[in-house]
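Asker: Just the structure for this:
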Amino acid sequence: MAESVPVTSSSAGNHAGDVVGAIPRAEYGRLAVLTTAMPMAVVATCWYLPPGWNLIGTSAALTGFLLVLGKAISGVPLALFISERNLMSLSRFQALVWTVVVMGGYLTMTLVQVQANGQTAKGVTIPQELWIAMGISTTSLLGTPLVLGGKRARSPDEKLVENTSAQLAEAPGDIDAHRQGVLYANAHMTDARMADMFQGDEVGNTAHIDLAKVQMFYFTLIAAMGYFMQVAMAVMRRETSAMPELSQGMLALLAISHGGYLLGKAGDHSNSKPA
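Answerer: Model prediction:
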């Protein structure tokens, strides 16, 4: 255990006697090495693998970097998927999926251009449809805490707390101790499960499947996997001047699923009242 350093009156004013933990320099050192070595590994993977495989390798390396980063900072590999309520977040999941697909494709196409030209890349054009898709993804990520914010100042119906307690085999006292207003929450990050992404957000409906979340999950996977294949085929054909376009129909499906996802969060599922 690291030694604690007492705060003197000259540095803390009226808070003399408070205790500040020593900076874990070894952990910061490992994190610095990680953030330097992993991107280099991503570039090397993209550079040396053959066309098509380089995209797969780059995306896998980026994913590995995110997992190792979560482990190094929070002690949990999937920390980037976990919300402040210690639950797996679907909005975080879909944002990270699109980040890996788009950034992996852009980096791969850029390095393929560098290899072909011998000096520098001409630049990879990103189509408007892809910007729109990323905007939809970001809207869900940023809009979720805004929609749920007001629910932290309300209390759920006690009968619904008891029903949820019976369905989840969890003591009502534990639910009340960890919930944030009407929002269900876990005690620790290690309690997060993949199933969280498909359950309701509130104490009143967390034991039930949220169909809007299921819909958005599948639409996200289908769109991301389809786009990933388009990028892979373009790289194999050495068509690296621009990222592939997303169809208008796919954009419409993404917009509808994300809209339903956010609207589903706005309703009251716990017969709540002001706290």
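
Asker: which of the residues in stretch 142-152 are buried?
Answerer: Thr144, Val147, Leu148, Lys151 (16 or more other CB atoms under 10 Å). All C-beta atoms are positioned from the backbone trio N, CA, C, and that covers glycine.

Asker: number of nearby residues for Met243?
Answerer: 20 (other CB atoms under 10 Å).

Asker: same thing with Val43?
Answerer: Using other CB under 10 Å: Val43 sits among 13 other residues.

Asker: rewinding a little: how about the buried residues of stretch 142-152 in CSV, adding pLDDT, distance to Ala232 and secondary structure?
Answerer: Compiled in CSV, the buried residues of stretch 142-152 are given as follows (pLDDT from 0 to 100; distance: CB to CB, whole Å; DSSP: H, G, I helix; E, B strand; the rest coil):
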residue, pLDDT, distance to Ala232, secondary structure
Thr144, 93, 31, helix
Val147, 92, 36, helix
Leu148, 93, 37, helix
Lys151, 94, 42, helix
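
Asker: Does the closest residue to Asn186 other than its chain neighbours belong to a helix, a strand or coil?
Answerer: Counting by CB to CB, 6 or more residues apart in numbering, Asn186 lies nearest to Asn86, which is 3.8 Å off, once chain neighbours are set aside. Three-state assignment for Asn86 (DSSP: H, G, I helix; E, B strand; the rest coil): coil.

Asker: wait, isn't Asn86 in contact with Leu183?
Answerer: No: taking contacts as CB atoms under 8 Å, Asn86 lies outside contact range of Leu183: 11.2 Å.

Asker: quick one: which of those two has more around it?
Answerer: Per other CB under 10 Å, whichever of Asn86 and Leu183 has more neighbours is Leu183, with 23 against 17.

Asker: The more buried one is in contact with Ala153, isn't it?
Answerer: No: applying CB under 8 Å as the test, Leu183 and Ala153 come out as separate, 10.7 Å apart.

Asker: how about the residue nearest to Asn186, what does it touch?
Answerer: Shown in contact with Asn86 (CB atoms under 8 Å, 6 or more residues apart in numbering): Ala185, Asn186, Ala187, His188, Met189, Asp191, Ala192.

Asker: Would you mind measuring from it to Ala224?
Answerer: Look at Asn86 and Ala224: by CB to CB, to the nearest Å, they are 26 Å apart.

Asker: can you tell me the average pLDDT over the host helix or strand of Ile222?
Answerer: Using DSSP states H and E, Ile222 sits in helix 211-236. Regarding helix 211-236, the rounded mean pLDDT is 93.

Asker: Can I get stretch 38-49 as CSV, trimmed to CA atoms?
Answerer: C-alpha atoms of stretch 38-49 as CSV (Å, rounded to 0.1, in the frame of the first residue of the first chain):
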residue,chain,number,x,y,z
MET,A,38,-0.2,0.0,-28.8
PRO,A,39,-0.7,2.7,-31.5
MET,A,40,2.7,1.7,-33.0
ALA,A,41,1.5,-2.0,-33.0
VAL,A,42,-1.7,-0.9,-34.8
VAL,A,43,0.3,0.9,-37.5
ALA,A,44,2.7,-2.0,-37.9
THR,A,45,-0.2,-4.5,-38.2
CYS,A,46,-1.7,-2.4,-41.0
TRP,A,47,1.6,-1.9,-42.8
TYR,A,48,2.8,-5.5,-43.1
LEU,A,49,-0.4,-7.5,-43.6
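
Asker: Give me the distance from that stretch to the chain's centre.
Answerer: 23 Å (CA atoms, centre = their mean, to the nearest Å).

Asker: one step back: what residues of the helix or strand following the helix holding Ile222 count as buried?
Answerer: Counting by DSSP H and E, the next helix or strand C-terminal to helix 211-236 is helix 248-266. Across helix 248-266, burial judged by 16+ other CB under 10 Å covers Met250, Leu251, Leu253, Leu254, Ala255, Ser257, His258, Gly260, Tyr261, Leu262, Gly264, Lys265.
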